[in-house]
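Chemist: the following comprises the amino acid sequence and a computationally predicted model.
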Amino acid sequence: MNTMCDIGIIGMAVMGQNLALNIARKGFRVAVFNRTQERTREFVNTRLQGEPIVPTHSLEEFVSVLGKPRRIMLMVKAGQAVDEFMEALFPLLEPGDLIIDGGNSFFQDTERRLQEAEKRGLLFLGTGVSGGEYGALHGPSIMPGGHREGYELVSEILERAAAQVEDGPCCSYLGPGGSGHFVKMVHNGIEYAMMEAIAEIYDILRKIYGLSSSAIQSIFEEWNESDVASYLVEITGKILGVEDPETKKPLVDLILDAAEQKGTGKWTSQVAFDLGVPTPVINQAVIARSLSSFKEKRVLLSQIWGRKNDTALCFDSKAKDALRQTLFLSMVAAFSEGFHLLQVASEELQYNLNLVDIARIWKGGCILRARMLSSIQKALAENPLLIFAASEFTQKVKESTKYARQIVKTALEFATPVPVLSATLAYIDSWTSASLPANLLQAQRDFFGAHTYKRIDRPGTFHTVWEGETE
Ligand SMILES: NC(=O)c1ccc[n+]([C@@H]2O[C@H](COP(=O)([O-])OP(=O)(O)OC[C@H]3O[C@@H](n4cnc5c(N)ncnc54)[C@H](OP(=O)(O)O)[C@@H]3O)[C@@H](O)[C@H]2O)c1
């Protein structure tokens, strides 16, 4: 019997442990290593139930138990830890061996690391993994990019470990270079937007309609059987039903309203700006998290402003339906922005991404999994610039927009901030406006900076002396 391991995983925190168990339960032999040995020991003692997992205590031992070509997956904190492990592994590996970075690395770091590996004759994959702890154990969505030859070495392992949906495993080779991590980054940007849209709807329900957490829980449970059915809607319902054991209050009411972030949403916005792709819904979600973090200042200002949370509106099935349609619209807008960004990046960075396949691998195991992804697959097959404008969605989006206007108007009247819900409308209204006030912007630019402008009635480039010449 071959006792060499099929794959090795470095990093025995939440993701590494669960992925190792998942892969081992599919019948592959897995070597594991962690910088702090105690963590490996604890894993072996508390979680192993006869799975073919081989704990190792040094990188040398780890490498020595791997079958050749060696396949090594890093599941460590993104950033320096990845570089440090790669440097330490280089002298221990041979040409043809494969390193996979399965963490949330920035795609440009992945491009650099791929070249570092290539210089040594090694293969490299930068791989997004979505689904958190549960997904890692039961089947995540896996987004690998980099050397195709490298993917061939692990396709069987990754595809069997991934979530399975009706049209295949939620893992597929996405493209060269940093494309896997690029796709994961955009995935996280969409995730930020969907989370914030849900949070804003929750805020309206509790503050404007005065509903209790348990009433809101029932609404999200009901919606999880509708067109907004998704992992994030599902977990929101579950979260709202959890009681704090000590106070017996809904736990969510006791959580400090100051959001943290690791940066993947911010990267999505930054890269979208660099590539000239408008992503206002995602951007507003990133800004909402930043603004929430200034808790003390907000509390102070709310006192100066004399803000009160008087609830006034009566909740009925019409309001519930309008809120669901508003959430639907924001979800579609978030996906539209994300896929637009992927489309542009695919051309600019020569990733040659298959967007339909990306929608497919997000359908299972993934934080973004949502019923609407099947429609998004169909919409993308039409090759539209924007998903919301594909025939699959146009009618429904037009209809939802009417409801979203009512909801945003109500939120504004009650001074309840809904940055993502309002950005959704601005995004759709801007894209569907033949005329925008950019004519005035061009005139202002030309006034103060002689930047010139184009006219609608004749070709050419023009400059006007808008008032008497300055000295
Ligand atoms: N948690 C999630 O839901 C999730 C979902 C998708 C993707 N990811 C990504 O997957 C990766 C792993 O995530 P995680 O949550 O399991 O773990 P994590 O908290 O991001 O990282 C902890 C792991 O990294 C190691 N590490 C940290 N700094 C190190 C350094 N300087 N040198 C060597 N090792 C170092 C730790 O080793 P020690 O034990 O020795 O400290 C530990 O194994 C991350 O990139 C994360 O962003 C996480």
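Modeler: Done, it's in.

Chemist: low-scoring stretches of this structure, by residue?
Modeler: The chain contains residues with pLDDT under 70 at 1, 469-471.

Chemist: now do the phi/psi pair for the residue in the stretch 1-150 of the chain that the ligand sits nearest to.
Modeler: Using CB to the nearest ligand atom, the closest approach of the stretch 1-150 of the chain to the ligand is made by residue 103 at 2.4 Å. The C-beta positions use only the backbone N, C-alpha and C, and glycine is treated the same way. Main-chain torsions, residue 103, degrees, to the nearest 10: phi -90, psi -180.

Chemist: quick one: residues contacting the closest residue to it other than its chain neighbours.
Modeler: Nearest residue to residue 103 in three dimensions, chain neighbours excluded: residue 78, at 4.5 Å (CB to CB, 6 or more residues apart in numbering). Residues near residue 78 by CB atoms under 8 Å, 6 or more residues apart in numbering: 103-106, 262.

Chemist: so the residue of the stretch 1-150 of the chain closest to the ligand sits against residue 83, correct?
Modeler: No - counting by CB atoms under 8 Å, residue 103 stays clear of residue 83, with 11.6 Å between them.

Chemist: which of these two has more neighbours?
Modeler: Set residue 103 next to residue 83 and count neighbours by other CB atoms under 10 Å: residue 103 wins out with 24 against 15.

Chemist: give the full set of residues in contact with that one.
Modeler: Shown in contact with residue 103 (CB under 8 Å, 6+ apart): 11, 15, 74-78, 82.

Chemist: ok, which pair from those residues is furthest apart?
Modeler: Greatest spatial distance in these: 15 and 82, 13.3 Å, computed using CB to CB.

Chemist: isn't residue 164 right up against residue 171?
Modeler: No - the pair residue 164 / residue 171 is not scored as a contact, 9.6 Å apart, by CB under 8 Å.

Chemist: out of the two, which sits in the more crowded spot?
Modeler: More neighbours surround residue 171 than the other of residue 164 and residue 171, with 28 against 14 (other CB under 10 Å).

Chemist: do you know how far the more buried one is from residue 269?
Modeler: Taking CB to CB, to the nearest Å as the measure, residue 171 falls 27 Å from residue 269.

Chemist: so which of the contacts of residue 103 belong to strands?
Modeler: In strands, defined here by DSSP state E, the members of the contacts of residue 103 are residue 74.

Chemist: buried subset of the contacts of residue 103, written for ChimeraX?
Modeler: The ChimeraX command for the buried members of the contacts of residue 103 (criterion: 16 or more other CB atoms under 10 Å) is given here:
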select :11,15,74,75,76,78,82
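
Chemist: so can I have TSV of the contacts of residue 103 showing distance to the ligand?
Modeler: Formatted as TSV, those follow (distance: CB to the nearest ligand atom, whole Å):
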residue	distance to the ligand
11	4
15	3
74	8
75	5
76	4
77	4
78	4
82	8
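
Chemist: now, the contacts of residue 103 that are in helices?
Modeler: The helices, defined by DSSP state H, take in 15, 82 from the contacts of residue 103.

Chemist: and which of the contacts of residue 103 is nearest residue 256?
Modeler: Nearest to residue 256 among the contacts of residue 103: residue 77, at 23.9 Å, using CB to CB.

Chemist: following element in sequence after the host helix or strand of residue 409, please.
Modeler: If you go by DSSP states H and E, residue 409 is part of helix 394-413. As assigned by DSSP H and E, the chain's next helix or strand after helix 394-413 is helix 419-431.

Chemist: what's the next secondary structure element after that next one?
Modeler: Following helix 419-431 toward the C-terminus (DSSP H and E): helix 438-449.

Chemist: what's that following helix in contact with?
Modeler: Contacts of helix 438-449 (CB under 8 Å, 6+ apart): 451-454, 462-464, 466.

Chemist: separate out the buried members of those.
Modeler: residue 453.

Chemist: in the contacts of helix 438-449, find the pair that's most separated.
Modeler: Farthest-apart pair in those is 454 and 466; separation 16.4 Å (CB to CB).

Chemist: hmm, the biggest strand by length in the chain in reach of the ligand?
Modeler: Ranked by residue count and defined by DSSP E, the top strand of the chain is strand 123-130. Yes - against the ligand, strand 123-130 shows contacts by CB under 6 Å from any ligand atom at residue 129.

Chemist: which helices and strands does whatever helix or strand comes next after that strand pack with?
Modeler: Later in the chain than strand 123-130, the nearest helix or strand by DSSP H and E is helix 132-138. Counting contacts by 3 or more CB pairs under 8 Å, 6 or more residues apart in numbering; DSSP states H and E, helix 132-138 packs against helix 14-25.

Chemist: neighbouring strands for the next helix or strand after the helix it packs on, and are they parallel or not?
Modeler: Downstream of helix 14-25, the first helix or strand assigned by DSSP H and E is strand 30-33. Paired strands of strand 30-33, with direction, are strand 7-10 (parallel), strand 53-55 (parallel) (DSSP bridges).

Chemist: residues in contact with the residue nearest to residue 121 when sequence neighbours are not counted?
Modeler: Among residues not flanking residue 121 along the chain, residue 95 sits closest, at 3.0 Å (CB to CB, 6+ apart). Applying CB under 8 Å, 6+ apart, one finds that residue 95 lies in contact with 120-122.
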